[in-house]
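Chemist: Any chance you could fold what I've pasted below:
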Amino acid sequence: MKRLLLACLMAIALVPGMARAEVIVSAIVSVLVDGGNNYNWEKVELPGTKCGNGSQYKFYVRRTSSPNLLMLLEGGGACWDYDTCSGRAGILGAANPNGISDDYITQFTAKYVSPIVNGADPGLPLRSRTDLVTKDWNIVYMPYCTGDVHIGNNVKTYTDPTGANPPLTWYHNGYTNTTAVANWAKTQFPSVQKFLMTGYSAGGTATSAGYYFVRKAINPARGYLLNDSGPIFPAATTTSRSRPLHDKIRSSWNLDSVFGLLPATFNINDFGTINKMVATEFPNDQLAYTGYTRDYNYSRFSYERFMTPNDEASVHAYWKEDQDKLVQQLNLYNNFSYFIPYSRQINASHCSTIITFMGAHACQQMEKKRYWYEYLEFPQSQTYKCYSEFVGMDKFLTRWINDNQRVRIYEPANGYNDQDPGMQIVAPLINGALGG
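Modeler: Predicted coordinates for the structure are as follows:
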């Protein structure tokens with residue numbers, strides 16, 4: 001069986017690029033991610049909730065006998081003009097501009113994208129499946145269709161700059177959706193022991209931006225916040241790297257009407273103080289950030305349209321500068337953890353908790369091999385080695401959630417994942433499935 005699976009992977013690697021996504025979705029994804037989830041999901045529609053195009057917002061619930069609750073907020077871009085809200089901007093625009101279909105939960109993103117939702121790191125051929133701490137938890141799964149990281153509160157009309165199409169009325173209804181779902185969840189799960197709010201990319205931003213409101217509504221015995229690759233960087237001055245983006249979305253999404261409801265530990269003129277706010281308002285909760293230093297997806301959102309030069313090297317440099325400031329900020333609070341690997345080829349080093357945890361590991365002392373005989377170890381092409389503990393995402397989650405440990409790993413620059421022969425096979429397949 002293992003030989004057959006490996007042969008399938010090798011065969012798919014030879015399929016031309018345009019056909020590869022088709023093949024991987026139909027034939028290989030279920031192998032790569034062990035079939036995703038097949039939960040008995042319940043679709044819920046609440047009055048007043050809507051997608052950006054005005055259609056009914058839908059979210060999905062899985063019920064178990066667990067006392068614990070997971071809320072996952074999907075990622076998928078953001079928008080603040082015609083091109084990004086209409087879908088014309090592609091990957092740099094808002095996800096699901098045409099709304100959420102009734103069977104959305106059975107489609108690729110909801111079924112496969114989150115090992116945390118699926119309760120297991122899915123494993124790969126020759127690599128076993130590993131159950132996660134969230135296995136068998138109750139789940140509230142929130143799709144993303146408002147282009148405002150689930151937190152906007154505005155109705156905007158965007159004009160097509162080409163003049164080819166009529167103006168677009170867009171509902172940045174994220175805040176209403178998120179709080180409505182949280183209040184509904186409280187009625188369904190009135191006595192939650194452990195509550196984990198998490199999301200990736202825009203959903204990671206939403207996790208930090210919306211945690212105060214959602215956590216207040218759920219009122220669990222113990223709260224956990226995990227922001228995957230949606231950092232809200234400190235931006236105290238007008239020259240801060242992330243300030244132009246923050247100013248743009250503050251206006252387009254009417255964020256003053258939302259953030260004005262936060263306690264005084266948040267400074268509305270520096271969105272990055274939201275990290276301080278959640279840490280001080282919930283001192284007994286466990287909070288964490290994860291993401292890659294070489295992210296070239298969210299980093300493009302942050303700087304490409306706002307700064308020059310905006311070539312890839314410059315974008316990476318801006319990101320590293322902001323990330324260093326974020327780590328310095330998080331170090332001030334005892335209840336904040338961080339897990340920051342350097343890079344992986346999957347999804348342009350964007351998101352640590354999607355699809356598979358292969359390559360989602362971090363080592364505080366990842367270095368070039370020190371001794372000649374270490375180069376004889378398999379694979380011989382690998383020139384980097386971990387000289388401290390090699391911590392995988394599954395281990396991080398166990399320590400952080402089950403053991404309530406603070407974990408802080410900020411991996412130095414290295415080429416470990418780039419030189420991993422397994423990653424060189426698997427990453428193009430997963431990227432093909434993701435459309436990248």
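Chemist: Low-confidence regions, the stretch 201-350 of the chain specifically.
Modeler: Low-confidence regions of the stretch 201-350 of the chain, defined by pLDDT under 70, are absent; no residue qualifies.
Chemist: could you pull out the strands for it?
Modeler: 222-228, 286-290, 336-340 (DSSP state E, counting those that start in this stretch).
Chemist: Output the ones you listed as CSV; include the columns mean neighbour count and distance to Lys395.
Modeler: From N, CA and C alone the C-beta is placed, and that goes for glycine too. Listed next are those as CSV, based on neighbours: other Cβ atoms under 10 Å; distance: least, Cβ to Cβ, whole Å:
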stretch, mean neighbour count, distance to Lys395
strand 222-228, 25, 14
strand 286-290, 25, 13
strand 336-340, 23, 10
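Chemist: Now these in JSON lines, please, with extra columns for distance to Glu389.
Modeler: Rendered in JSON lines, the data for the strands of the stretch 201-350 of the chain read as follows (distance: least, Cβ to Cβ, whole Å):
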{"stretch": "strand 222-228", "distance to Glu389": "20"}
{"stretch": "strand 286-290", "distance to Glu389": "17"}
{"stretch": "strand 336-340", "distance to Glu389": "12"}
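Chemist: For Thr146, give me its contacts.
Modeler: Taking Cβ atoms under 8 Å, 6 or more residues apart in numbering as the contact definition, Thr146 lies against Cys51, Gly52, Tyr57, Ala94, Gly152, Tyr171, His172, Asn173, Gly174, Asn177.
Chemist: Tabulate those residues (TSV), appending neighbour count.
Modeler: Formatted as TSV, the entries for these read as follows, by neighbours: other Cβ atoms under 10 Å:
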residue	neighbour count
Cys51	25
Gly52	30
Tyr57	25
Ala94	27
Gly152	31
Tyr171	24
His172	27
Asn173	25
Gly174	31
Asn177	28
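Chemist: for the residues you listed, which one is nearest Trp137?
Modeler: Each of these was scored against Trp137 by Cβ to Cβ, and Asn177 proved nearest at 21.7 Å.
Chemist: Closest to the centroid, which residue in this protein?
Modeler: The centre of the chain sits closest to Tyr200, judged by Cα atoms, centre = their mean, with a distance of 1.1 Å.
Chemist: contacting residues around it?
Modeler: When the contact criterion is Cβ under 8 Å, 6+ apart, the partners of Tyr200 are Glu74, Gly75, Val113, Ser114, Asp228, Ser229, Gly230, Cys351, Thr353, Ile354.
Chemist: Among the residues you listed, which ones are in strands?
Modeler: Counting by DSSP state E, the contacts of Tyr200 place Asp228 in strands.
Chemist: Least confident of the contacts of Tyr200?
Modeler: Of all these, the model is least confident about Val113, whose pLDDT is 90.
Chemist: Number of residues surrounding that one?
Modeler: Taking other Cβ atoms under 10 Å as the criterion, the count of residues near Val113 is 22.
Chemist: surely it meets Thr353?
Modeler: No: counting by Cβ atoms under 8 Å, Val113 sits too far from Thr353 to count as a contact (9.1 Å).
Chemist: Make sure Val391 is indeed in a strand.
Modeler: Yes: assessed with DSSP: H, G, I helix; E, B strand; the rest coil, Val391 lies in a strand.
Chemist: and it, what does it touch?
Modeler: Val391 is in contact with Phe339, His361, Ala362, Cys363, Val407, Ile409, counting by Cβ under 8 Å, 6+ apart.
Chemist: same deal with Gly174?
Modeler: Residues counted as contacts of Gly174 (Cβ under 8 Å, 6+ apart) are Thr146, Asp148, Val149, His150, Ile151, Gly152, Asn153, Ala206, Trp253.
Chemist: Now these in CSV, please, with extra columns for distance to Glu304 and secondary structure.
Modeler: Conversion of these to CSV gives the following (distance: Cβ to Cβ, whole Å; DSSP: H, G, I helix; E, B strand; the rest coil):
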residue, distance to Glu304, secondary structure
Thr146, 22, coil
Asp148, 19, coil
Val149, 17, coil
His150, 22, coil
Ile151, 22, coil
Gly152, 21, coil
Asn153, 26, coil
Ala206, 21, helix
Trp253, 19, coil
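Chemist: Identify the farthest-apart pair in the residues you listed.
Modeler: Asn153 and Ala206 (13.2 Å).
Chemist: Who has more neighbours out of the two?
Modeler: Set side by side, Asn153 and Ala206 show unequal neighbour counts under other Cβ under 10 Å, the larger going to Ala206 at 30 against 20.
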